[in-house]
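Q: Please find the sequence and the predicted model below.
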Protein chains: 2
Amino acid sequence: MNTVNLKQLAKELNLSVSTVSRALRDSWEISTPTKQRVFDLAKKMNFQPNPYASSLRKHRSRTIAVVIPEVANNFFALAIKGIETIAREKGYHVLIYLTNEDCGEEVSVAANLQSGRVDGVILSLSEQTRDVRHLLELQQRNVPLVFFDRVCDSIEAPKVVTNDYESGFVATEHLIKAGCRRIAHLTISMDLSISHKRMKGYTDGLLRYDLPFDEEMVIHCEDDEESIYRKIRALLSSEKRPDGIFASVEKLAVQVYHVCRELGLDIPKDVKVLGFSNLVTASLLNPALTTISQPAYEMGKEAATILFRRLEKKYIVVPDDRVILPARLEVRSSTI
Amino acid sequence: MNTVNLKQLAKELNLSVSTVSRALRDSWEISTPTKQRVFDLAKKMNFQPNPYASSLRKHRSRTIAVVIPEVANNFFALAIKGIETIAREKGYHVLIYLTNEDCGEEVSVAANLQSGRVDGVILSLSEQTRDVRHLLELQQRNVPLVFFDRVCDSIEAPKVVTNDYESGFVATEHLIKAGCRRIAHLTISMDLSISHKRMKGYTDGLLRYDLPFDEEMVIHCEDDEESIYRKIRALLSSEKRPDGIFASVEKLAVQVYHVCRELGLDIPKDVKVLGFSNLVTASLLNPALTTISQPAYEMGKEAATILFRRLEKKYIVVPDDRVILPARLEVRSSTI
DNA sequence: AAGCTGAACTACAACGTTTTCGTAAATAAA
DNA sequence: TTTATTTACGAAAACGTTGTAGTTCAGCTT
């Protein structure tokens, strides 16, 4: 592969390897004319220092890992963009690992990251993850960890989240004010803290407006697309059909649209729909979807900023600080 | 960071470092009982070999780079997913770099990748890229390169694309058969080979059905969202307004929807719309968008497969082979 | 003139693996 | 019995960079 190294530069310049190395790092120990000679030749030969030699020597890789459940999803895609932006600024490299919502894959990725390959990890839990020993082990190996969105409350680490409880409450309240009396809540894994919080916002919303909580109105959608579809279809075909739906993640809202279309249900007349979502096309849907949209890009940037602050040890980082960025309710025709 | 290494294992087991290394790699030179002892201790101490030491020694990093213009876009997100899937299978790691459609960033990424950091690169050109010297240099350094979607015809390297010419033709033909007589083509940078091909399909489609080609009906949208919006708005407000629109990329189709909504134009009555797109919500839009959808996931997988075939040198890879995966026309209400 | 200072460099070890080249002992072949 | 081969291991040299600890020599002090 690459073959121009310090030794070659040194030989060419009649200098020692150490001098060349130091010159390139602009050390004060090297005279200006020598530095210039070194710079010039390095440029001419297009010298790129071997990052692996450097990492080995310095015990720092200038590389971080981003571990997320999926990427074909606007939320995570924007978060990556935020992370990559900050990483680029700081001169770091970004490794990406997709768990596909599978805890087993998350475990194997975490095990692999114990090798010192990365200086830090930014992670969003997979839907299936219950046991978090693999993440604790990572911490024991002193690999700094920052969570975002799907955080793990039982681990002491910085977390970047949205105001999930409030958003759940606001969403429910909005549906109630729009006239809904029987609101279903579609949620993913109850092992995730964000699910709990959004759900608590939902139940508190009902409570606040004296609506009864009905167990049957909470649908857990943890499985494959097919069975999620069936569950939603069952819900919307039932006699006690809800008149409002609060979907805690984007894909569930999308499925609701598909089911309504198939059952000939009119949104918002028959059922009002609202969902957490970062769809760029939310306003173009038929009807336009009311969303709770999260500041995904900013969350990514924030998570990365916190991680780098820790890596560069410029500030003492509170080990458990939690940054809460507000999500926004965007009212559109699906709830009017 | 990580601190358990071969030396420690060796000392603990009263063996030499070389023996431990060999045992872990299951070498025939080591006796079975010794291997077992080594395996057991390695497992117990949760030994993870330092990847950088290994990379340095072996001149292979088991890491590839994916360089793409953006990620918040279903096409590229799915492609990444495909690439990551194959990379995982092969035990490779994936570095991600976003150029944000900026040629300068592409150049600086390419320069950085000359360091030997990666064993290979999968790349999709930025919209702005004209000069490709940075990629040629990468090849000169023997970094294997595979293009996908936005390929560079002037560089000899494997390419994974869709049948862009045919798709452009089919799209145009479909609009014509739907009754359009004045079809506009919205395109991005004319420096990209895919743009040319889609455009050629468009002009040949017009020719085939004896429709005149009108320069004014080709809108080049290479700038920021704001000015793209203005251009499309101008097009649709003009007296000689088209009755059909063929958008060569997703974001342009989305903008057309926004403009039509604002101008009170009815899709498909006033103007029919069709676009290259991988939107999951295409069928839920108002009206549902007719798309040419590319097999993004498969393209990612294919690009990765070709790259690994080359890296593992199992087969002699044709340096310039081109894999063409067909895109699909999905007819929906925006063109009926 | 001897000793000191500092500027500008060099030598060498280290980082953790892998690999090449040995070599001692055990076994097989002559 | 002697020689050849095999088995199972070890020593040491890489890989390319960086950090520590010198070294050299000019210029200065006393």
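A: Cool, got the structure. Note that the coordinates shown come from a computational prediction; the quantities given were computed from them, not determined experimentally.
Q: Next one: A:Lys200 from chain B, what distance?
A: Distance from A:Lys200 to chain B, counting by CB to the nearest CB, to the nearest Å: 29 Å. Every residue, glycine included, has its C-beta placed from N, CA and C.
Q: Could you do A:Ala303 as well?
A: Remark: distance between A:Ala303 and chain B (CB to the nearest CB) = 16 Å.
Q: And for that residue, the neighbour number?
A: Using other CB atoms under 10 Å in any protein chain shown, A:Ala303 has 27 neighbouring residues.
Q: Could you pull up phi and psi at it?
A: phi -60, psi -40 (degrees, to the nearest 10).
Q: Could you double-check that it sits in contact with A:Glu84?
A: No. Applying CB atoms under 8 Å, one finds A:Ala303 not in contact with A:Glu84, separated by 11.6 Å.
Q: And the residue of the stretch 151-300 of chain A closest to chain B?
A: Closest contact between the stretch 151-300 of chain A and chain B, by CB to the nearest CB, is at A:Asn286 (3.2 Å).
Q: If you tally nearby residues, what's the number for that residue?
A: Neighbouring residues of A:Asn286 were enumerated by other CB under 10 Å; the total is 18.
Q: Not counting residues beside it along the chain, what's closest to it?
A: B:Asn286 (3.2 Å; CB to CB, 6 or more residues apart in numbering or on different chains).
Q: what's the answer for A:Ala53, then?
A: The nearest residue in space to A:Ala53 (CB to CB, 6+ apart) is B:Leu56, at 5.3 Å.
Q: What residues does that neighbour make contact with?
A: Applying CB atoms under 8 Å, 6 or more residues apart in numbering or on different chains, we find B:Leu56 in contact with A:Asn50, A:Tyr52, A:Ala53, A:Leu56.
Q: Make sure the second one is indeed in a helix.
A: Yes. According to DSSP: H, G, I helix; E, B strand; the rest coil, A:Tyr52 belongs to a helix.
Q: give the contact list for it.
A: B:Tyr52, B:Ser55, B:Leu56, B:Ser61, B:Gly116, B:Arg117.
Q: From B:Val67, how far off is it?
A: 20 Å (CB to CB, to the nearest Å).
Q: pLDDT value on A:Phe213, please?
A: As predicted, A:Phe213 sits at a pLDDT of 97.
Q: Count residues in the vicinity of it, would you?
A: 13.
Q: thinking it is in contact with A:Lys200, fair?
A: No. Because the distance of 11.3 Å does not satisfy CB under 8 Å, A:Phe213 is recorded as not touching A:Lys200.
Q: Look at A:Leu41 and give its secondary structure.
A: Per three-state DSSP, A:Leu41 ends up helix.
Q: Make sure it is actually in contact with A:Glu12.
A: Yes. A:Leu41 lies in contact with A:Glu12 (CB under 8 Å); the separation is 6.1 Å.
Q: mind listing the strands for chain A?
A: Remark: strands assigned in chain A by DSSP state E are A:63-68, A:93-98, A:120-123, A:145-148, A:159-162, A:183-187, A:218-220, A:244-247, A:272-276, A:290-293, A:322-325, A:328-330.
Q: Restricting to C-alpha, output stretch A:294-307 in CSV.
A: Provided in CSV are the C-alpha atoms of stretch A:294-307 (Å, rounded to 0.1, in the frame of the first residue of the first chain):
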residue,chain,number,x,y,z
GLN,A,294,-36.6,15.5,17.3
PRO,A,295,-33.5,17.7,16.7
ALA,A,296,-31.6,14.7,15.4
TYR,A,297,-28.7,16.6,13.8
GLU,A,298,-28.2,18.7,16.9
MET,A,299,-28.3,15.6,19.1
GLY,A,300,-25.6,14.0,17.1
LYS,A,301,-23.5,17.1,17.3
GLU,A,302,-24.1,17.4,21.0
ALA,A,303,-23.2,13.7,21.7
ALA,A,304,-20.0,14.1,19.7
THR,A,305,-19.1,17.3,21.4
ILE,A,306,-19.5,15.7,24.8
LEU,A,307,-17.4,12.8,23.8
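Q: I would like the residues contacting that stretch, please.
A: A:64, A:74-87, A:120, A:122, A:144, A:146-149, A:158, A:160-162, A:276, A:278, A:317, A:321, A:323, A:325-328.
Q: Apply 6 Å and report the result again.
A: A:75, A:78-79, A:81-83, A:86-87, A:120, A:122, A:146, A:148, A:158, A:160, A:162, A:278, A:323, A:325, A:327 (CB atoms under 6 Å, 6 or more residues apart in numbering or on different chains).
Q: how is chain A carved up into domains?
A: Segmentation of chain A into domains, based on automatic domain parsing, reads A:6-49, A:58-161+A:296-324, A:164-294+A:329-335.
Q: Out of those, which gets nearest to B:Val132?
A: For B:Val132, the closest of these is domain A:6-49, at 16.4 Å, according to CB to CB.
Q: For A:Arg309, see how far away the spatially closest residue to A:Ala304 that is not a sequence neighbour is.
A: Nearest residue to A:Ala304, sequence neighbours excluded (CB to CB, 6+ apart): A:Ile86, at 3.7 Å. In this view, A:Ile86 and A:Arg309 are 10 Å apart by CB to CB.
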